[in-house]
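Enquirer: what follows is a protein structure lacking sequence information:
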């Protein structure tokens, strides 16, 4: 299948999912037994008839639910996710402000996760059933078994409170000015601006939460890498390559690894989208001003526009990352190209 | 080759220039306050919480005020002197002539009248405070004379005038941003959004920004006529207590307002100083008196049973402090001493439950803000209340939550059973009026109607409100506290100590019973 | 004996799980104190001979609370997986058997639910229903069933083409009979294995929700909830470390079992 056809087909699959997501978010928000006017507008304007009427008209509240949904979709297409009750900012603006923190943390997390995960997985597969294999596998299992909140507390009390090796909660010391905004990543922006003290402070703060995120992710990646690699090693053409006298290590690197990477890429993609969208616990404990914390605060304060808009954007990110993974498949998996 | 070297040079210069900017930015003196923010609004006509009070105190000025460390006297602020008419209903205050707003414009009587009428007519929470409610009108007689007319004689009028809701804002700025002091301001004033992000006051600082739930930033007011404060910039960082503890130990914040004594136990005394002293917040349970809302707790017998079932000494063990006799903080003139407070009597409480028809108990949900406030963990108190009340058969389900929704239900009077704390609106026994029949908390939050209350009690409340003989006034408030102790829908159980931890190099910290802390007095050694 | 020697981790995992369940079941007998008994005089006392795990802020015995903790966490994890797998199996079987439009709708629905990250969906549901153990379980079931539906659907699709199903049809058996009497029994064991592998994750997620305050109420001795109370008490490590380890060790044990099972069941890896 040529690339553009594959691309279009995948893209077509994305659209109904996105529509479904908006519908699901809408249903959840409508299942809530609260007057949307009271729930969405600050108390101070509730007795202002003009404001209330404008709100009703904008979201079509006087019309049947189906029509409301289409009004909602229409507003959505114009980038209007409504206004957060808690922050009183447009939800889209809030999400844009909170996303870079999550993006930076998740990316550090996935990079550490890949380094440790693929590394451990390959080592385990090469020396399978050896002591080192058992140790690494147990290590991975611990990574996926320990609750992140426990790791976070233990990590903070040892490395921050006792030893002072890493920075505390938050992205940056409040005493330091935020680096000039270029990418929204504090570590990168600080480097671009040449602010070494800002960089080192931001880096010392991201290292612990991202390693904690990585501990879970690397456990999964290591497990998949190992089994996938063992799988591929038992396949005929690798056996052939070996029997032709290629040294074991050469066989692994040149033939087995690229093929074994297909399921690994899927898992990495899934993990990355999970980190981008669901690191609520880590963000909460590390006072990380990201999407997860934003959503948590929104839901505990019944900030429905933020919950709805936020979960929609998050689901869309999830779908988007998986779309990218599907596209990567095209290049990794020859079966798709020649099917 | 040459081109790339040139580009590298330029980049280097840029980097150096930028880092120079960075260094200069750090030279300004910054005070960082770690605090679990309770802000509702920073508009003086709408804001009513403790955090709001701390910020408004640094940003706005009032006509009269208290000394820095106590409430021993009323001292001039924007007003230089004042007088009251024979009948006690008209106050005339003269303004100092040199005060200016942060914009540079002079503070005039016009601005004062506008601010006072606006707070009354916007109808936010401050409008419900006795002093504002009792104000009939404020008018500018001339450029620096204000005349305030009262509905009834108020012996605590000047004390009320020290409150933040009598902060003076610049009429022109507020008007330009949609504000009005007209009678219909409740529906037509839209300056709230502007005043939540900017200030229009004459205090030592200006509000630079409020990133809700993240931080509030104040910057020095260049036009302030008083003694210039030490810090150029104040950041009030919204932090959970655990984060405050870690950040204070690491020196990232200068002062932590919400740590419990257990969290302070580990600090190194060379680095962190701790202030401890009597506080004036009263933690209490509110039981809705409307049977449709409160159910069993609307029954006066049950309310008394709850008061008798609480383990008062236990709360003191946890947080220190004293047990108030009623909802009037010990330390305010006229407050009954701890010796007049109730004692726990579980047997009597059970008997009352049986008398009320609840011998087998009942189940109820208690709402509260899930937080640690000024060193008191509300979650801990809620669990202890549940255990105390379990002994008389009441099963308490706990419903912790964020401040926003909980406060909304409380203010709307739709909460059946709530755990709250109250800091005095006014450092005067008249603060207690809010908890008496006809008062704001009693009527609006607890739905305790005036109907059914004995006429002699209502007469006593009216007398206390306007009695000018101080000794008689305090005596009346004493009797009313005893009345509430037996008859009200409130169960005050603890008035904890205040404890604040701050970096040892921070100077000038004083706790104040009205505004908690005046940030503009702080400096660094 | 041979099994134990070849799979020491599986055996270890099984023993720990059995031990943990036993401790939870026997908690009322073996716990030294009532887990809800408060005594403010003992507030935040560190571990001592009388109170080996120390006391929490209200002076409750941490050891008793940790022992009781499993009584809500373990069943919650089991219930989520049980109900989730039942719903998933049912939906997946019907989708696979009927095929066509039904199949298409069901599968799009599973994709949709899976697009919402677990905690975010749970947050939204809790905002609607109010926090409680029941809500947390409902929220988790809603995100849990789709993966089972997808697995069972593919198994049913495979079975549908098998000879014995053709034969049943030939002798005149009706649709429901074939599905529930013939096809499903053949798909049940993979679903059960999947469920076993899943219990650890379910417990972990439930504890996470509970940690965030979206599960049981504050005073209840539930592991995740207890750890969250400890967040304010860094220095008083006994208030959060023991309940945290309670979850961690149990989930680790479940994962040891799951990992071993996976190796046993993957024929290609078995004899390596």
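Expert: Cool, got the structure. Just so we're clear, the structure is a prediction, and the values are computed from it rather than from any experiment.
Enquirer: after the lowest-mean-pLDDT helix or strand in chain B, which helix or strand is next?
Expert: The helix or strand with the lowest mean pLDDT-type score in chain B, counting by mean pLDDT, DSSP states H and E, is helix B:2-27 (a mean of 50). On the C-terminal side of helix B:2-27, the nearest following helix or strand under DSSP states H and E is strand B:30-35.
Enquirer: that next one packs against which elements?
Expert: For strand B:30-35, the packing partners by 3 or more Cβ pairs under 8 Å, 6 or more residues apart in numbering or on different chains; DSSP states H and E come out as strand B:233-238, helix B:241-249, strand B:255-256. Yep, even glycine has a C-beta here, placed from its N, CA and C like the rest.
Enquirer: what lines up beside it in the sheet?
Expert: strand B:233-238 (parallel), strand B:255-256 (parallel) (DSSP bridges).
Enquirer: isn't residue A:279 up against residue A:290?
Expert: Yes: assessed by Cβ atoms under 8 Å, residue A:279 is found in contact with residue A:290 at 7.0 Å.
Enquirer: how deep is residue B:475 tucked in, by neighbour count?
Expert: 14 (other Cβ atoms under 10 Å in any protein chain shown).
Enquirer: who has more neighbours out of residue A:279 and residue A:290?
Expert: More neighbours surround residue A:279 than the other of residue A:279 and residue A:290, with 28 against 25 (other Cβ under 10 Å).
Enquirer: check contacts around the more buried one.
Expert: Residue A:279 makes contact with A:102, A:105-106, A:109, A:213, A:288, A:290, A:292, according to Cβ atoms under 8 Å, 6 or more residues apart in numbering or on different chains.
Enquirer: got JSON lines for those residues, with secondary structure too?
Expert: What follows is the contacts of residue A:279, written out as JSON lines (DSSP: H, G, I helix; E, B strand; the rest coil):
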{"residue": "A:102", "secondary structure": "helix"}
{"residue": "A:105", "secondary structure": "helix"}
{"residue": "A:106", "secondary structure": "helix"}
{"residue": "A:109", "secondary structure": "helix"}
{"residue": "A:213", "secondary structure": "helix"}
{"residue": "A:288", "secondary structure": "coil"}
{"residue": "A:290", "secondary structure": "coil"}
{"residue": "A:292", "secondary structure": "helix"}
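Enquirer: return only those of those residues found close to chain C.
Expert: Restricting the contacts of residue A:279 to those touching chain C (Cβ under 8 Å from any Cβ of the partner chain) yields residue A:292.
Enquirer: okay, the contacts of residue A:279 in a markdown table with pLDDT next?
Expert: Below are those laid out as a markdown table (pLDDT from 0 to 100):
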| residue | pLDDT |
| --- | --- |
| A:102 | 94 |
| A:105 | 96 |
| A:106 | 96 |
| A:109 | 96 |
| A:213 | 94 |
| A:288 | 91 |
| A:290 | 92 |
| A:292 | 90 |
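Enquirer: just among the contacts of residue A:279, which is most surrounded?
Expert: residue A:292 (30 neighbours).
Enquirer: quick check: residues of the stretch 201-339 of chain A near chain B?
Expert: Contact residues, the stretch 201-339 of chain A versus chain B (Cβ under 8 Å from any Cβ): A:287, A:289, A:297, A:300-302.
Enquirer: can you tell me which of those are in helices?
Expert: A:297, A:300 (DSSP state H).
Enquirer: give me the common contacts of residue A:279 and residue A:290.
Expert: A:102, A:105.
Enquirer: which ones are touching residue A:317?
Expert: Contacts for residue A:317 (Cβ under 8 Å, 6+ apart) come out as A:273, A:276-277.
Enquirer: what do you get for residue C:53?
Expert: C:47, C:61-63, C:66, C:238, C:242.
Enquirer: how about those in a markdown table, adding pLDDT?
Expert: As requested, the contacts of residue C:53 are exported to a markdown table (pLDDT from 0 to 100):
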| residue | pLDDT |
| --- | --- |
| C:47 | 96 |
| C:61 | 96 |
| C:62 | 96 |
| C:63 | 96 |
| C:66 | 96 |
| C:238 | 95 |
| C:242 | 96 |
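Enquirer: considering only those, which also neighbour chain B?
Expert: The subset of the contacts of residue C:53 lying close to chain B, counting by Cβ under 8 Å from any Cβ, is empty.
Enquirer: just the residues you listed now: which is nearest chain B?
Expert: Distance to chain B, by Cβ to the nearest Cβ, is smallest for residue C:238 among the contacts of residue C:53, at 12.6 Å.
Enquirer: cheers, nothing more for now.
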